[in-house]
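*Asks:* compute the structure for the input listed below.
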Amino acid sequence: MLKPTARVHVLATTGSITGVVSPANPASNVSAVAGADTVASTVSGEAGAFTLALLPAGLYDVHIDAPGGFRDTTIAGVSVTAGQAHDIGVVTLSPQ
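*Replies:* Numbering: from 1, shown residues only. Model (predicted):
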């Protein structure tokens, strides 16, 4: 007698961008932008860490909306690959 079997394979279709904003306090708004569209956004945590998750593979500009006293910053051309996290490292904000 045959036994039915179901096999499930998970295919990664998205990736993520991670990094740290310095100084960490106060928190910064961080966004992944593709063309004119904001695809994902988050707020940096207590230590300045952030993750922009569930991004389709492609190129993104990471925009950091800095808190008062610091300049907004954009990291252009960040590549996202499905199934991987791209760490952009520490982004140090410049004073105004």
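
*Asks:* quick one: residues contacting A66.
*Replies:* Residues in contact with A66 (C-beta atoms under 8 Å, 6 or more residues apart in numbering) are 28, 72-73, 93. All C-beta atoms are positioned from the backbone trio N, CA, C, and that covers glycine.

*Asks:* kindly write the ChimeraX command that selects the buried subset of those.
*Replies:* This is the ChimeraX syntax for the buried subset of the contacts of A66, where burial follows 16 or more other C-beta atoms under 10 Å:
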select :28,73,93
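
*Asks:* list just the nearest of the contacts of A66 to V62.
*Replies:* Of all those, V62 sits closest to T73, with 8.5 Å by C-beta to C-beta.

*Asks:* didn't that closest one look like it was pressed against Q96?
*Replies:* No - using C-beta atoms under 8 Å, T73 makes no contact with Q96, being 11.7 Å away.
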